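Asker: Quick one, structure for this:
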Amino acid sequence: MRLARHSMLLGVWLLLLLSGCGSSSYSSTRGTDNGSGSSGSGTGGNPPANPIGGIRGPTGSNNSVVATPSAAGAVSVAVGAAQTVSITFTSNDGKGISGFGISGTMATLPSDWSGPASFACAAVSAGSGCVLNLTYAPTAVATGTVTIDYVFVDNSSMPSTGGSVTIAYAGTAHNNVVAAASPSGEINAAIGGNSQSVSVNFITDDGNVATDLALTTDVSGVAGWSTPASSFSCAIVSTGSGCQLPLTFAPTAGTRGTLTLNYSYTDGSGVARTGALNIPYSTTSQNGVVATAAPAGQINAAINSTGQPVAVSFTTDDGKPASDLYVTSSLTALPAGWKSASNAFTCSSVGSGNGCQLHLTYAPLVLAGGTLALNYAYTDAGGVAKTGSLNVGYAATTNDNSVATASPTGQINAVVGLGTQAVSVSFTTDDGRIATALQLTSSLAALPAGWNSAVPTFDCSGFGSGSVCQLPLTYTPTAAGNGTLILAYSYNNNAGESKTGSVNIAYQATTDNNIVGTANPISLTVSSGSSTTVSTTFTTDDGNPASDLAVTSDLTTLPSGWSTPSTALTCALVSTGSSCLLNLTYAPTAADSGTLSLTYSYKNDSGSAKTGSVSIPYTATP
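Answerer: Below is the predicted model of the structure:
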């Protein structure tokens, strides 16, 4: 891209050389991403005389090209679809600009981007006649940026200006939200006996995020079925157990059927979709042994932790005793992360209560998930041999934390009266996995003086890595000062735990002040043979501190009659008072007159390097 850019510029120079108004040097400034996903501007300077004999253009104020993409932010297109992005080039001041062209060819565009083989405009002004059309047709999920470099000749015929525009893009997937019930298979419960808990977990089939899931089936309308939630929705769906619907099957009469759960959602490409899950169910004969895990639903545990204890209780659905229960699944070959308190498990008698209970622990070492299947056999009260099973869904989490990062980093500095400092606070997780329900608990209406927010409140339904969860702020101080902006927030991590956090942003307002040297007396008229002391005090013009003052005049080579006990003067900090003082003595031996000038350097309270001087007129009479 850079080689082609230089070739394009050489062509522009040659054309200008032939027309008698060329110049051989150029400068280019690339646009930078300002958080909206696109930026672009051209900047120019006055080039030196053409070393190969071209004639410099007339002196004038240079204008520049402004590039405006049709997409206000990042371009997001689903795989298999296509979107045209138009970039309109105009002049920043409405004056005409000539010789506009794109540096390089479209062959250097990122994969899945296309455009014309070459592009140029004879003239660019305030209208929209100079428009470049690009097409993004992703063939795979991807993210990145596309940068278009361009060159032009400004209205003073200076072929030294160039610029670029950068557009962020993302290829998204038409992913699906799939639902799975735990336990799987047919759900059985005895009439009037122990109820059966069922957990329905919603995830995406590719791990990418889908949003706005809502259950559209009224569960309470199906006999025997209930849920503690009057309605069910999830703002974000990805992997893990962040979106889980609890159900209970407690039949009061004989029944058999299929519970169909319909739901709607928006997939990763922004398309509205629907899905359904069928759960078969039936009532069972009395005196069946039912296995129930506690805690109910999917078992979650953080990796490298002490683990989640799980108690599996075996009871009969009618309270009558069953006998000779034993777990037929191997307790020494459980899925990774699972451990049993015993290598085998039996109960001679099973009834109600927790007299027959298997103790397990889920303590994962790596991120994983699945279903633990426990099969068991027993003999019911009538002496009939029976079997049963329990499916326990599980997932390992990282127990992650939210991290808030301010940009720019470090102390935020702004100069009073010289514009606004934009600050963005990005919320991410320390492992890149999804956390949910972030809310800023600090009031954005009660920020410190000078701070403002573009939004009255701030929250994010889901966030992980990147810049999907970003709070925009501005700092526009009206007076010098400093402090720390503290923003507190709450969220749910990927283990479903409620957590809090905060970010501290140090800030300082400066005034771009000056150090002033004041002599006392301000001028001298003395008789030769006499001696007079002159004190020069250095202070700031607004009382705010400046630093690193140093007298740069050579105090060892003062004019005739002048002397000082100091060979140099430095002051680490200067503000008010007389803490930074230089004493001089004037003792002329003959008639004389002149002006003593002392120069000095310093850094003002904005950190800018500055210089100053103080002048002392003097006259010596006979």
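Asker: Double-check Leu558 against Ser597; I have them as touching.
Answerer: No - taking contacts as C-beta atoms under 8 Å, Leu558 lies outside contact range of Ser597: 10.5 Å. Yep, even glycine has a C-beta here, placed from its N, CA and C like the rest.
Asker: Of those two, give the one with the bigger neighbour count.
Answerer: Leu558 (16 against 11; other C-beta atoms under 10 Å).
Asker: For the more buried one, list the residues it contacts.
Answerer: By C-beta atoms under 8 Å, 6 or more residues apart in numbering, the contact list for Leu558 reads 564, 584, 596.
Asker: Tally up the residues packed near the second one, please.
Answerer: Other residues lying near Leu584 total 21 when counted by other C-beta under 10 Å.
Asker: got it, and the first one?
Answerer: Around Thr564 there are 18 other residues, counting by other C-beta under 10 Å.
Asker: any idea of the pLDDT on it?
Answerer: Listed pLDDT for Thr564 reads 94.
Asker: swap in Ser25?
Answerer: 31.
Asker: now the helices: where do they sit in the stretch 1-150 of the chain?
Answerer: Along the stretch 1-150 of the chain, counting by DSSP state H, counting those that start in this stretch, helices occupy 2-19.
Asker: Make a markdown table from the contacts of Leu558 and add distance to Val574 and secondary structure to it.
Answerer: Output for the contacts of Leu558, formatted as a markdown table (distance: C-beta to C-beta, whole Å; DSSP: H, G, I helix; E, B strand; the rest coil):
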| residue | distance to Val574 | secondary structure |
| --- | --- | --- |
| Thr564 | 19 | coil |
| Leu584 | 18 | strand |
| Leu596 | 21 | strand |
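Asker: what's the closest of these to Thr108?
Answerer: Taking C-beta to C-beta as the measure, Thr108 lies nearest Leu596 of the contacts of Leu558, at 64.1 Å.
Asker: Enumerate the beta-bridge partners assigned to the closest one.
Answerer: Ile616 (DSSP bridges).
Asker: Which residues are in contact with it?
Answerer: Taking C-beta under 8 Å, 6+ apart as the criterion, Leu596 is in contact with 558-559, 562, 584, 615-616, 618.
Asker: Type out the ChimeraX command that picks the buried ones from the residues you listed.
Answerer: Entered in ChimeraX, the line below selects the buried ones among these, by 16 or more other C-beta atoms under 10 Å:
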select :558,562,584,616,618
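Asker: Looking at the contacts of Leu596, which one is closest to Pro280?
Answerer: Distance to Pro280 across the contacts of Leu596 (C-beta to C-beta) is lowest for Ser615, with 99.0 Å.
Asker: how close does Ala363 get to Trp338?
Answerer: Here Ala363 is placed at a distance of 8 Å from Trp338 (C-beta to C-beta, to the nearest Å).
Asker: what about those two, which has more around it?
Answerer: For Ala363 versus Trp338, the count of surrounding residues by other C-beta under 10 Å is larger for Trp338: 20 against 17.
Asker: The nearest residue to the more buried one once chain neighbours are set aside: how many residues sit nearby?
Answerer: What sits nearest to Trp338 in space, not counting adjacent residues and going by C-beta to C-beta, 6 or more residues apart in numbering, is Tyr362, at 5.6 Å. Neighbour count for Tyr362, taken as other C-beta under 10 Å: 23.
Asker: ok, Tyr362 touching Leu334?
Answerer: No - under the criterion of C-beta under 8 Å, Tyr362 is not in contact with Leu334, lying 9.3 Å apart.
Asker: contacting residues around Ala78?
Answerer: Contacts of Ala78 by C-beta under 8 Å, 6+ apart are 138, 171-174, 268-271.
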